[in-house]
Structures are given as C-alpha cells and as structure tokens.
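Q: What follows is a predicted structure for the sequence shown.
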Amino acid sequence: MSETAEGQGLTRTQLAVLAVTAGVSVANLYYLQPLLALVGRDLGASLRELGLVSMLTQLGYAAGLFLFVPLGDALERRGLMLWLLGAVTVSLCACAAAPSVPVLAGASFAVGCTTVVPQIAVPLAAHLARPQERGRVVGAVMGGLLVGILLARTASGVLGAHLGWRAVYLAAAAVMVLLALSLRALLPRSRPAEPVRYGALLASLPRLVRDEPVLREAAALGALGFAAFSAFWTTLVFLLEERFGLGSQAAGLFGLVGVAGALGATVTGRFADRLPRRRIAGLGLVITLAAFAVFAVPAFALAGLVAGVLLLDLGVQVNHVANLSRVHALRSEARSRLNMLYMVTYFAGGASGTGLGAFAWARFGWTGVCAAGAALCATGLGALAARRGAGPT
C-alpha cells in the first residue's frame with residue numbers, strides 16, 4: 001500500500017473501510033449492556049456491581065484514548081490500529097473466560113483501553129479529506145460508528161439469549177481478527193508529516209486545552225449528550241424486564257430502531273460544512289431532551305419507547321458530529337490529540353451517565369432515569385445560552 005497525504009481526498013472504498021472499521025471495533029464497548037441480566041444471574045452479581053462493570057468499560061476507553069490515540073500524531077497509523085486490534089482480541093477472550101465479577105470488571109477495563117481504533121480512524125479520515133468535504137467525511141465515519149454501537153446491542157442481545165453471554169465475547173474476538181486481516185489488506189499506510197516524541201505529545205495536551213476554547217465547549221456539550229444516552233441504554237434492559245416482561249434479546253433489538261439515527265450523522269456532516277456547527281450541536285441537545293420527555297410519559301407503550309429511541313439516537317448523533325467537526329477544523333498538525341481530548345471527555349461523560357443511570361434506576365426507578373437524562377441535556381443548553389456571544393462556529 002502507498003503512503004497517503006493530507007487533504008488528497010478519500011476514495012469511496014477508503015471511506016467505506018474507515019466507516020466499517022469504526023463501527024465494528026467500537027461495538028466491543030456495548031456488547032455488555034443487553035447482557036447485564038444474564039451476567040448477573042450467572043455470576044450472582046447485584047445491579048450496582050453490574051453498573052460498575054459497564055462503567056469500567058467506558059472508563060477504560062477514556063484511559064485508552066489518553067494513552068494511545070495521541071500516537072496517531074507520531075506513528076504510522078495503520079500499524080498502530082493493527083497492534084490495538086491484537087490487544088483487544090486478547091482482552092475479549094479474557095472477558096469470555098471470566099469466572100467472577102472482579103475478573104470480568106478488570107477484563108472489561110482492558111477491553112475499553114484497547115478499543116480505541118475508531119478514534120484513530122476518525123482523525124485519519126479528517127486528515128485525508130479535502131477541507132470543503134471534511135464535515136461530510138467525518139459524518140460518514142461517525143455514522144458507521146453509531147451503527148456499530150447500536151447493532152452491537154442487537155447482536156449481543158440475540159446471541160446472548162441463544163448461546164449465553166460468554167459466546168458474545170468469543171464471537172467479538174473472532175471479528176477483531178477478521179478486521180485486522182482486512183485492514184492490513186485494504187487500508188493505506190499513513191505517517192504523520194512531522195513525528196513527535198510521545199513525551200512531547202503528552203506535554204502538549206494542557207496547552208491545547210488552554211488555548212482552544214472551542215475544544216473545551218465542544219467536549220463539554222458532547223459529554224453531556226453522551227451521558228444522557230448512556231443513562232438510557234444502561235437501564236433499558238431493566239425497564240423492559242420490569243414493565244413489559246421482555247429480556248436481553250428485546251433490549252438488543254431496540255438497537256435496530258436506533259440505526260435510523262445513524263442517518264443523522266451523514267446529514268449533520270453535510271450541514272456542518274455549510275451552517276454554524278455550534279447551533280447544530282444545540283439542536284442535537286434539544287432533540288435529545290425531547291426524547292426524555294417522551295420516555296417520561298406515564299404508562300407509555302412500546303410504540304412510545306420506539307419513538308423516544310429514534311429521537312434519542314438522532315439527537316445525540318447530531319450533537320456529537322457537529323462538535324467533532326468543530327474540533328477537527330482547529331489544528332491539522334494536532335488532529336489526533338484534539339480528537340483524543342474531545343473523546344476522553346465524551347466517554348468520561350458516558351461513563352458518568354452509566355453510573356448515574358444505574359443509581360437513578362436503583363433509587364427512583366424509570367422516572368429518575370428520565371429526570372437525570374433531561375437534566376444533563378438542560379445543562380448543555382444552559383451552557384450554550386450563557387455563552388451566546390461566543391461566535392457561530
């Protein structure tokens with residue numbers, strides 16, 4: 001494979017490969033959520049312990065973003081992605097063999113740490129894209145990522161219901177091996193223009209946070225939206241069991257409903273090349289808030305839950321793609337580091353939302369989950385309103 005240059009443009013095949021890579025690899029973070037009830041019965045775990053395992057997966061992802069993603073500004077990117085795929089394969093096998101909750105929690109943290117390939121794929125796509133189509137390209141890759149997040153729940157729920165939760169992790173490990181072989185054959189090599197030492201990469205992070213107010217605001221807005229998203233999806237399986245008598249397979253099938261929200265990624269990306277991205281991010285939070293208003297309707301039926309899921313996934317994705325497009329427009333030479341800083345904040349928000357959702361469910365039931373999600377969205381909208389004069393970007 002030949003070397004690639006910044007701004008040369010992406011072929012359809014390259015863009016498709018990067019979108020599939022993002023979707024298939026990020027799925028590792030979400031296989032557990034529809035399986036929580038199955039894991040709890042098998043390992044004798046409480047709701048609080050299960051919420052901790054799920055939260056550790058996302059905290060591990062935040063740690064992996066900090067440790068590994070900045071290397072995209074220093075190392076050849078395809079080789080870095082292949083190394084990480086090998087590491088996550090080992091971690092998934094450890095999850096499949098876990099004899100207890102503490103072992104599963106540690107292995108889940110390792111899965112999170114090594115499932116950062118999507119956050120190397122996204123800066124690579126932005127790096128290769130022509131400036132006038134960067135929003136569209138980022139939106140397409142993020143659309144693939146969202147499909148992976150949502151279909152992960154579907155595949156996990158169905159496979160777990162028929163073969164058990166351990167089979168889900170074994171299947172995921174096999175998929176990672178196939179993905180690594182495909183990337184080696186199809187993805188071009190890509191080296192940074194001016195390699196930077198690892199220590200210098202990490203030392204530059206505080207300066208980037210200090211010097212880029214757009215990064216700070218975009219990261220905060222993305223984190224709040226994803227926290228609301230995670231609070232819902234972490235507790236959905238418990239709601240379905242308690243209110244509708246449905247299990248992990250039904251929770252997974254709800255992922256199919258949310259795939260429609262992936263269309264919002266591509267559409268948002270196209271608008272982000274033409275309209276103020278800050279306003280688009282605010283619109284995403286408004287849509288997400290509307291989803292929790294639907295969820296909060298007393299005695300809602302499954303149809304209402306479906307409508308709310310559509311709104312939730314669309315709103316979160318609109319918010320996320322708009323914010324990520326803002327970040328990738330800042331500094332080309334630090335794109336991987338900027339992406340890392342944004343995504344660390346984003347997934348730390350998701351981890352907090354997972355913990356908050358589990359706590360709200362245990363203490364206040366579904367009403368508490370809805371209130372928590374709505375409060376997170378309202379906080380983001382309040383922050384936007386407070387900085388109304390910050391500019392349109």
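A: In hand now; what should we look at?

Q: All the helices of the stretch 251-393 of the chain, in order from the start?
A: 263-272, 277-295, 302-328, 335-386 (DSSP state H, counting those that start in this stretch).

Q: Go through those and name the closest to residue 157.
A: helix 302-328 (14.0 Å; C-beta to C-beta). Backbone N, C-alpha and C define where each C-beta goes, glycine included.

Q: what comes up buried for that closest one?
A: 305, 307-328 (16 or more other C-beta atoms under 10 Å).

Q: Taking their axis directions, that helix and helix 335-386 sit at what angle?
A: Relative orientation of helix 302-328 and helix 335-386, computed by axes from the mean of the first three to the mean of the last three C-alpha atoms, to 10 degrees: 120 degrees.

Q: Helix 302-328 versus helix 277-295: what angle between them?
A: 160 degrees.

Q: Just list what helix 302-328 packs against, helices and strands only.
A: The helices and strands touching helix 302-328, judged by 3 or more C-beta pairs under 8 Å, 6 or more residues apart in numbering; DSSP states H and E, are helix 118-128, helix 134-163, helix 213-244, helix 248-258, helix 263-272, helix 277-295, helix 335-386.

Q: how distant is it from the center of its chain?
A: Counting by C-alpha atoms, centre = their mean, to the nearest Å, helix 302-328 is centred 12 Å from the centre of its parent chain.

Q: what is the orientation angle of that helix with helix 134-163?
A: Between helix 302-328 and helix 134-163, the angle comes out at 140 degrees (the same axes, to 10 degrees).

Q: Now helix 302-328: average pLDDT?
A: Mean per-residue pLDDT for helix 302-328: 86.

Q: what do you get for stretch 184-201?
A: 76.

Q: Would you mind writing the CA trace of it as CSV?
A: The C-alpha trace of stretch 184-201 is given here as CSV (Å, rounded to 0.1, in the frame of the first residue of the first chain):
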residue,chain,number,x,y,z
ARG,A,184,-3.8,-4.9,6.5
ALA,A,185,-5.0,-5.7,3.0
LEU,A,186,-7.2,-2.6,2.3
LEU,A,187,-6.1,0.4,4.4
PRO,A,188,-3.2,2.5,3.1
ARG,A,189,-0.2,3.4,5.2
SER,A,190,-0.3,6.9,6.7
ARG,A,191,2.6,8.6,8.5
PRO,A,192,2.5,12.0,10.3
ALA,A,193,4.3,14.8,8.4
GLU,A,194,6.5,15.6,11.5
PRO,A,195,6.7,12.8,14.0
VAL,A,196,6.7,13.9,17.6
ARG,A,197,8.1,12.1,20.7
TYR,A,198,5.5,10.5,23.0
GLY,A,199,6.5,12.7,25.9
ALA,A,200,6.2,15.8,23.9
LEU,A,201,2.7,14.7,22.7
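
Q: I'd like to check what contacts it. Which residues are they?
A: By C-beta atoms under 8 Å, 6 or more residues apart in numbering, the list of residues contacting stretch 184-201 from outside reads 1-4, 6, 13-14, 17-18, 21, 70-79, 81-82, 124, 127-128, 204, 333, 337.

Q: Quick one, which of those residues are buried?
A: By 16+ other C-beta under 10 Å, these give 4, 6, 14, 17-18, 21, 70-78, 81-82, 124, 127-128, 337 as buried.

Q: So which of those residues are in strands?
A: Among the buried ones among the contacts of stretch 184-201, none falls in strands (DSSP state E).

Q: Can I get the helices of the stretch 251-393 of the chain in TSV including distance to residue 135?
A: Below are the helices of the stretch 251-393 of the chain laid out as TSV (distance: least, C-beta to C-beta, whole Å):
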stretch	distance to residue 135
helix 263-272	4
helix 277-295	8
helix 302-328	5
helix 335-386	14
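
Q: among those, which is nearest residue 234?
A: Checked against C-beta to C-beta, the stretch from those lying closest is helix 335-386, at 4.4 Å.

Q: Pass me the low-pLDDT residue ranges in this protein, would you?
A: 1-9, 131-132, 192-195, 247-249, 251-253, 255, 258, 260-275, 298-300, 388-393 (pLDDT under 70).

Q: From what I see, residue 120 and residue 75 are in contact.
A: No: taking contacts as C-beta atoms under 8 Å, residue 120 lies outside contact range of residue 75: 9.7 Å.

Q: what's the helix or strand hosting residue 54 in contact with?
A: Element membership of residue 54 [criterion: DSSP states H and E] is helix 47-68. Helix 47-68 is contacted by residues 29, 32-33, 36, 39-40, 45, 80, 84, 101, 104-105, 108-116, 119-120, 230, 234, 238, 340, 343-344, 347-348, 350-351, 354-355, 357-359, 361-362 when judged by C-beta under 8 Å, 6+ apart.

Q: Go through it and flag the buried ones.
A: 47, 49-66, 68.

Q: Would you mind putting the helices and strands packed on helix 302-328 into CSV with distance to residue 25 alongside?
A: Listed next are the helices and strands packed on helix 302-328 as CSV, based on distance: least, C-beta to C-beta, whole Å:
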stretch, distance to residue 25
helix 118-128, 6
helix 134-163, 7
helix 213-244, 18
helix 248-258, 16
helix 263-272, 16
helix 277-295, 24
helix 335-386, 13
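
Q: Let me know which of the ones you listed is tucked in deepest.
A: helix 118-128 (a mean of 27; mean count of other C-beta atoms under 10 Å).

Q: How far away from the center of its chain is that helix?
A: Computed by C-alpha atoms, centre = their mean, the chain-centroid distance of helix 118-128 equals 14 Å.

Q: Show me what that helix is packed up against.
A: helix 12-26, helix 77-96, helix 134-163, helix 302-328, helix 335-386.

Q: name the helices or strands packed onto the last one?
A: Yep, that's helix 335-386 we're talking about. Short answer (3+ C-beta pairs under 8 Å, 6+ apart): helix 335-386 packs on helix 47-68, helix 118-128, helix 198-211, helix 213-244, helix 277-295, helix 302-328.

Q: Helix 47-68 and the longest one, what's the angle between them?
A: So the one you mean is helix 213-244. Using the same axes, to 10 degrees: helix 213-244 against helix 47-68 is 150 degrees.

Q: Many thanks, we can stop here.
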